[in-house]
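1. Have a look; sequence and predicted model below, questions after that.
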Amino acid sequence: MVDKGRISRRTFLKGLGVAAGASVLPGPLFSFAQEGVVMGAVVPLTGQLQSFGPRFQIAAEIARDEVNAAGGIPGVGILQLAVRDSGTNPETGVQSATELVNTVGVPAIFGAAASGVTIPVSSVTIPAGVLLISPSATSPAISNLDDNDLVWRTAPPDSLQGIVLAQLAYSVKGYRKIAVISRNDAYGAGLADALRANFEKLGGTVTNVSLYDPATTDFSAEIAAAEADNPDAVSLITFDEGEALITQMVAAGYTNFDLFVDGNKNQDLIDRLVEALGAELLEGKVGTAPALAETPGGEVFAAAYRERLNEDPFVFTPHSYDAIAVTALAMAKAAAQGQEITGANIAASMRDVANPPGTEYSVGQLGEALAAVAAGEDINYVGASGAVDFDANGDPFGPVGIWTIKDGKIVDTEVVNCGFGEGGEPFCEEPKGEGL
């Protein structure tokens, strides 16, 4: 689920035919006639998640190409992607979304990656009636947006990851007293709250939660606050700035950082830390991230992804494929009902094509699925990441994975099944600690 090598942004952009210094990719990437529909994409090509964005784009293009190889969306035409940079920054993300809505006129946008960008972007898309679907924005706050059913995601919310991370800390690692250093944004604060609540519910103590400005480069105050009460471990909820944070912790004499999350499940980041600090300091550190349920199309996607990038699927890339696939299927459903392709009409068809009942279709079968939808048949899309069944908030449920670092490499060790009860309350099975 993680990359095997270090691929620079320059290499990605060169492969996409764009200068490495460009902050914005051109809109339609297909050289077809302008018939069809243009879907926007706001992904981090620069900033603290720049390792994620180009990979998300590749995964989205795999789905787009499969749709177009089948002749496009029935009743609509060729699917095109207009890709813009979020900069891993709320202001940049809002600017890019505004351009896509007002200038390009897209009915739907794929993205953003970070919850702290996705929520501001939704302030543009919701009033405009544009559907927004993120593959990786996991903040629980997104579930409660007043969004007219226009904000969706294919990654499960951090209310689930927080349960597994707390269980991993308390039951598997045996920690009884932890501190947290986290980004002060929707993603970091939301996951920190979920970790604290669930760890304390198990009987543990959270001595301190230090939230930092994502733009900071000096973590001395946060490190001092986290270490003041001598915790067993300090959980780090970061993006790529985790490199500076860990380096500064080690320089200050602290090596009890542990309990990583999806935002730092990035082999590029680990490679840099190994180069700077050595592999021994990272050995046995653990983390969590949304995982993949086994589906018929999971390996089909993995093979297609490896063919394009010569690496295993990166975190949230299967969810990226699924976001494009389910949106295209919903467009086909709207068209089959004689509706205009608007955000509201796409949203009204999302659960129809993604949730049971219906004939199951997966990766590699989008052409057949689109034809079935056009013929008025009920379908149930089962994606690269899992079932992709949406609840009333546009959230899927799914498993949470546990990972560790061995010999400087990220290794997936266990998948914990999670879900939501009839009252909407999250639950997860107890992790076994396999492979740790």
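-> Looks like it came in fine.
2. going forward, measure contacts and count neighbours with C-alpha atoms only.
-> Fine.
3. Can you show me the strands along the stretch 151-300 of the chain?
-> Secondary structure of the stretch 151-300 of the chain by DSSP state E, counting those that start in this stretch: the strands cover 151-153, 177-183, 205-212, 233-237, 257-258, 286-290.
4. what's the second one packed up against?
-> The contact analysis (3 or more Cα pairs under 8 Å, 6 or more residues apart in numbering; DSSP states H and E) places strand 177-183 against helix 186-201, strand 205-212, helix 220-227, strand 233-237.
5. That strand vs strand 233-237, what angle?
-> Strand 177-183 and strand 233-237 are oriented at 20 degrees to each other (axes from the mean of the first three to the mean of the last three Cα atoms, to 10 degrees).
6. what's the average pLDDT for strand 177-183?
-> For strand 177-183, the per-residue pLDDT values average out at 98.
7. now the third one
-> The predicted model assigns strand 205-212 a mean pLDDT of 98.
8. That strand - contacts with which helices or strands?
-> Contacts defined by 3+ Cα pairs under 8 Å, 6+ apart place strand 205-212 against strand 177-183, helix 186-201, helix 220-227.
9. now do 10 Å
-> With contacts defined as 3 or more Cα pairs under 10 Å, 6 or more residues apart in numbering; DSSP states H and E, the secondary structure elements packing on strand 205-212 are strand 177-183, helix 186-201, helix 220-227, strand 233-237.
10. coming back round to it: specify the stretch among the helices and strands packed on strand 177-183 that is closest to residue 383.
-> Go through those one by one with Cα to Cα and the one that ends up closest to residue 383 is helix 186-201, at 24.4 Å.
11. Show me which positions of that closest one end up buried.
-> Taking 16 or more other Cα atoms under 10 Å as the basis for neighbour counts, the residues of helix 186-201 that come out buried are 186-199.
12. pretty sure residue 352 contacts residue 378?
-> Yes: counting by Cα atoms under 10 Å, residue 378 is a contact partner of residue 352 at 7.5 Å.
13. and for the two, which residues touch both?
-> Shared contacts of residue 352 and residue 378, defined by Cα atoms under 10 Å, 6 or more residues apart in numbering, are found at 333, 358.
14. that older thread, okay, the strands of the stretch 151-300 of the chain in CSV with mean neighbour count and distance to residue 340 next?
-> Listed next are the strands of the stretch 151-300 of the chain as CSV, based on neighbours: other Cα atoms under 10 Å; distance: least, Cα to Cα, whole Å:
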stretch, mean neighbour count, distance to residue 340
strand 151-153, 27, 19
strand 177-183, 26, 41
strand 205-212, 19, 45
strand 233-237, 25, 42
strand 257-258, 23, 50
strand 286-290, 28, 34
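15. Among the ones you listed, which comes closest to residue 116?
-> Distance to residue 116, taken as Cα to Cα, is lowest for strand 177-183 among the strands of the stretch 151-300 of the chain, at 9.9 Å.
16. a markdown table please, covering the helices and strands packed on strand 205-212 and showing distance to residue 280.
-> Rendered in a markdown table, the data for the helices and strands packed on strand 205-212 read as follows (distance: least, Cα to Cα, whole Å):
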| stretch | distance to residue 280 |
| --- | --- |
| strand 177-183 | 22 |
| helix 186-201 | 27 |
| helix 220-227 | 21 |
| strand 233-237 | 17 |
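17. Residue 334 is nearest to which of the ones you listed?
-> Among these, helix 186-201 comes nearest to residue 334, with 32.5 Å by Cα to Cα.
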